[in-house]
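**Student:** what follows is a predicted protein model with its sequence.
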Amino acid sequence: MSTVVPPCTATGPFEVQELARVEDGESLRALLWMAGGGWRMISSAVLGGGLGERSWVLNAQVSHGYRRTDPDRHLAELAADAGARGPGVGLMTAADVGAYGRTHDGGVDAVATAGLGVRGWAASPAEGVAGQVPPGTVNIVVAVPVPLTDAALVNAVATATEAKVQALLDAGYDCSGTPTDAVCVAARIPQVGEETVAFAGPRSLWGARLARAVHGAVRAAVPSL
């Protein structure tokens, strides 16, 4: 049984709303971005992942002993309780999402939450177990205020991931992330006659801004060693 505190009204294009709920006697928090219409998002999230039009993003904290086998349904319920309507993206983590980092760079906004209790290198000899929600998770949400091609959106995910790893190394961590890191990149749907940006690598205009925003958000979310 969960109770969600109704969100405040968003006042900006990337207004992060902090939600609180009690679930099975535990106080948990979540972050919600009511993006509204006009956005395409690419994500590795358990809810609303892939590529398509999305109108909100929820990043929900869950208990460390999370055992539900329907996380997509759980996230959809939490989003609906908070007033989100239509298709959206839902991420989850056992980390405290209230300790998020946020950075703005040249029109790009990035928000990151981080728990690094279980971390390591992507190319590791150890076998992982998919679908679990360990204490360590880095979730990144980034919004780019211009239209991006499908290829550029994929490129943006790679750029965001590179910036995340750079931030972790700069903070003193000997790792590339955690086994369950997730990312969501949002870009505007092009208007009639509007040019669609074809590149989002770290040396392109918008890719560079995205990289700096993600780096700053992750760096702010993780404690230095």
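**Tutor:** Structure received. Numbers count the residues shown, from 1 in each chain.
**Student:** can you give me the helices for the chain?
**Tutor:** All helices of the chain, identified by DSSP state H, fall at 71-81, 150-170, 205-221.
**Student:** deepest of those, which one?
**Tutor:** helix 205-221 (a mean of 24; mean count of other Cβ atoms under 10 Å). Yep, even glycine has a C-beta here, placed from its N, CA and C like the rest.
**Student:** which other helices and strands does that one contact?
**Tutor:** If you count contacts as 3 or more Cβ pairs under 8 Å, 6 or more residues apart in numbering; DSSP states H and E, helix 205-221 packs onto strand 101-105, strand 108-115, strand 137-144, helix 150-170.
**Student:** distance from the third one to the middle of the chain?
**Tutor:** To tie it back to what came earlier, the one meant is strand 137-144. 3 Å (Cα atoms, centre = their mean, to the nearest Å).
**Student:** same question, stretch 188-206
**Tutor:** Put simply, stretch 188-206 sits 20 Å off its chain's centre (Cα atoms, centre = their mean).
**Student:** in that stretch, what's buried?
**Tutor:** Arg188, Pro190, Val197, Phe199, Ala200, Gly201, Pro202, Ser204, Trp206 (16 or more other Cβ atoms under 10 Å).
**Student:** out of those, which one has the lowest pLDDT?
**Tutor:** Within the buried residues of stretch 188-206, pLDDT reaches its minimum at Pro190, with 93.
**Student:** ok, the closest residue to that residue other than its chain neighbours to Ala211 distance?
**Tutor:** Leaving out its chain neighbours, the residue that sits closest to Pro190 by Cβ to Cβ, 6 or more residues apart in numbering is Pro147, at 3.7 Å. Distance, Pro147 to Ala211, using Cβ to Cβ, to the nearest Å: 19 Å.
**Student:** quick revisit: got a list of what the residue nearest to Pro190 touches?
**Tutor:** Pro147 makes contacts with Arg40, Ala187, Arg188, Ile189, Pro190, Glu194, Glu195, Thr196, Val197, as judged by Cβ atoms under 8 Å, 6 or more residues apart in numbering.
**Student:** backbone phi and psi for it, please?
**Tutor:** Dihedral pair for Pro147: phi -70, psi 140, per degrees, to the nearest 10.
**Student:** roughly how far apart are it and Ala99?
**Tutor:** The spacing between Pro147 and Ala99, counted by Cβ to Cβ, is 33 Å.
**Student:** got it, and Gly90?
**Tutor:** In terms of Cβ to Cβ, Gly90 sits 20 Å off from Ala99.
**Student:** who has more neighbours, those two?
**Tutor:** Each of Gly90 and Ala99 has its neighbours counted (other Cβ atoms under 10 Å); Gly90 has more, 29 against 14.
**Student:** so that one bridges to which residues?
**Tutor:** Leu47, Leu58 (DSSP bridges).
**Student:** relative to Glu195, how far out is it?
**Tutor:** On the measure of Cβ to Cβ, Gly90 and Glu195 end up 31 Å apart.
**Student:** now swap in Ala112 and tell me
**Tutor:** 29 Å.
**Student:** just Ala221 next, same as before
**Tutor:** Counting by Cβ to Cβ - Ala221 and Glu195 are separated by 33 Å.
**Student:** low-confidence regions, this structure specifically.
**Tutor:** Scanning the chain with the threshold set as pLDDT under 70 gives 1-13, 126-135.
**Student:** quick one on the thing from earlier: which ones among the contacts of Pro147 lie within strands?
**Tutor:** Arg40, Ala187, Arg188 (DSSP state E).
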